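1. Let's see this in three dimensions:
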Amino acid sequence: MIRSVLGTVGTRVLVTLLNLVVVMTAGRYLGAEGLGLISLIVLGTALVLLVNNVVSGGGAVYLTPRHGTEALRWPGYLWTLLTGLVGYVVLRATGLVPAPWYTAVAVIATLQGGVNLHLGLILGRQRIAAHNGLLILQAALQAAAFLVLLGQGGAEVMDHVHAAYLSNGVVLVLSGVLSVGPAGGTVRDRTSLWRDLFRQGLSAQAANALQLLNYRYAYLLIERWVGLAGLGIYSVSTQLAEGSWLVPKSIGLVLYTRVSNAADATRERAVTMAALKASLVATALAVLVLLALPTAVYQTLFGPEIKGLHGILLVLTPGLLAMSASQALSHYLSGAGQVARNAVSSGIGAVVTLVVATWAVPRWGLLGAALSASLAYSASLLYQWWGFRKHSGARWSDLLPTASDSAALAVLWQRIRRR
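-> Residues are numbered from 1 along each chain as shown. Predicted structure coming up:
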């Protein structure tokens, strides 16, 4: 168990660093406007994958032991191709990404959808090391191919697209081979299989859709009111800011496994509060480092056009702290069977984002986007705290540091080691 957890945490850190290399490379070679365009391509891909992952996402993980890999494979392939085609039509009709990039987004989303399906089948068979290795390979290929392509003549955004084709294509083939397994499970009929896939996927993707809206609605407003260069600068700030959540997310993952199997509610409340405080401290330290770095360092890393990050990060700070605390509470609620509270929390954040960002971005630009994010994350956290207090009996005074916090974290660590 400990090896799997540490491997997953290490994978998350490494993939984040490789993605940061891509952002730095894009900023230096393509400038802020190129970064902004890449952000829209990534956002368009994520929107298509929201629908694709209804069948090819977490539902495949859950249903693989029950139906077997081969029963799920072909419905997954069919759904992936269908969502890629529909995604192309929708993007073309709505203009969510600039006109020349509809096909690129649809192709990347289709390839990534196939990869997600294979990863789900692999994870459903508990092959965690293979799953983590493929994620690292995908991010490494993306970064390496992008660097090589940028050096071949004039640098352009299409180099990022071609790198995505290559990384997703290679991992699609390798993951397809690794996902082949015994038939296993039972399938009464195809109708029941599709029903199971949609039942497992719809609720999870609804929550993910609200969370994506929470994170990225401001991108569309920035592109309209500030321009692609402004979007490029904001995307760098969010990439850096969200990197501060690595420790809270890792702590939350461990907490979820504990609460899911716990019988002592009082002890789990204490461990959750200790995890929340540790997450806040880790995020605060990370944010302080980001704020302390001079502008010259950011311009060296991301290119001379990247300016004004300190102001954006400062306005984002309350939201980053709120989201770090939210990681502990959301994983506790999920582990305690209170999944609906997390969905409501995401919905509240999405509503705040829609209202505040729509009003603030035209007036204050990037700072308005950062303000809307901080308010949305804070609103989500307040609802989760209410739900946590109602379920666990926690009090406001539990937020204060205590001598027992380190002992509670030690209990969490020992539980993992024993398993």
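
2. Leu333 versus the spatially closest residue to Leu91 that is not a sequence neighbour, what's the distance?
-> Nearest in space to Leu91, with sequence neighbours left out and distances taken as C-beta to C-beta, 6 or more residues apart in numbering, is Tyr102 at 4.8 Å. Yep, even glycine has a C-beta here, placed from its N, CA and C like the rest. Per C-beta to C-beta, to the nearest Å, Tyr102 is found 39 Å from Leu333.

3. Who has more neighbours out of these two?
-> Leu333 (23 against 20; other C-beta atoms under 10 Å).

4. For the residue nearest to the more buried one when sequence neighbours are not counted, which residues are in contact?
-> Nearest non-adjacent residue to Leu333, counting by C-beta to C-beta, 6+ apart: Arg341, 5.0 Å away. Contact analysis of Arg341 by C-beta atoms under 8 Å, 6 or more residues apart in numbering lists Leu333, Tyr383, Gln384, Gly387.

5. Under the pLDDT cut-off, which ranges of the protein? List them.
-> Residues of the chain that meet the criterion pLDDT under 70 lie in 1-9, 57-71, 126, 181-205, 247, 250-267, 335, 337, 339, 402-419.

6. And the helices in it?
-> 2-56, 58-67, 69-94, 102-124, 128-150, 157-178, 190-225, 228-243, 246-260, 265-292, 295-302, 309-335, 339-392, 404-418 (DSSP state H).

7. Can you tell me which of those is nearest to Asp398?
-> For the helices of the chain, the distance to Asp398 is smallest for helix 265-292, at 5.0 Å, taking C-beta to C-beta.

8. and that closest one, what does it pack onto?
-> Under the contact criterion of 3 or more C-beta pairs under 8 Å, 6 or more residues apart in numbering; DSSP states H and E, helix 265-292 touches helix 228-243, helix 246-260, helix 309-335, helix 339-392, helix 404-418.

9. Nearest the middle, which residue of the protein would you pick?
-> Leu212 (8.4 Å; C-alpha atoms, centre = their mean).

10. and the contacts of Arg341 as JSON lines, adding distance to Leu18?
-> As requested, the contacts of Arg341 are exported to JSON lines (distance: C-beta to C-beta, whole Å):
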{"residue": "Leu333", "distance to Leu18": "31"}
{"residue": "Tyr383", "distance to Leu18": "34"}
{"residue": "Gln384", "distance to Leu18": "31"}
{"residue": "Gly387", "distance to Leu18": "35"}
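
11. Could you identify the most distant pair in those?
-> Using C-beta to C-beta, those span at most 10.4 Å, a distance reached by Leu333 and Tyr383.

12. Same list (the helices and strands packed on helix 265-292) but as JSON lines, adding distance to Leu291.
-> Putting these into JSON lines (distance: least, C-beta to C-beta, whole Å) gives the following:
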{"stretch": "helix 228-243", "distance to Leu291": "10"}
{"stretch": "helix 246-260", "distance to Leu291": "17"}
{"stretch": "helix 309-335", "distance to Leu291": "6"}
{"stretch": "helix 339-392", "distance to Leu291": "13"}
{"stretch": "helix 404-418", "distance to Leu291": "26"}
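
13. Tell me which of the ones you listed sits nearest to Leu285.
-> In terms of C-beta to C-beta, the element of the helices and strands packed on helix 265-292 nearest to Leu285 is helix 246-260, at 9.1 Å.

14. Find the nearest non-adjacent residue to Leu20, please.
-> Gln239 (6.5 Å).

15. measure the one you found to Leu399 for me?
-> Distance of Gln239 to Leu399, given as C-beta to C-beta: 29 Å.

16. who has more neighbours, these two?
-> Higher neighbour count among Gln239 and Leu399: Gln239, with 18 against 14, using other C-beta under 10 Å.

17. wait, the more buried one sits on Leu17?
-> No. Checked against C-beta atoms under 8 Å, the pair Gln239 and Leu17 is beyond contact range at 11.2 Å.

18. quick one on the thing from earlier: neighbour-wise, give me the winner out of the contacts of Arg341.
-> Of all these, the most densely surrounded is Gln384 (26 neighbours; neighbours counted as other C-beta under 10 Å).

19. Quick check, it in contact with Leu329.
-> Yes. Using C-beta under 8 Å, Gln384 is in contact with Leu329, at 4.2 Å.

20. Which of the helices and strands packed on helix 265-292 sits closest to Val107?
-> Closest approach to Val107 among those (C-beta to C-beta): helix 228-243, 21.6 Å.

21. Report the buried residues of that closest one.
-> Applying a neighbour-count criterion of 16 or more other C-beta atoms under 10 Å, one finds 228-241 buried in helix 228-243.
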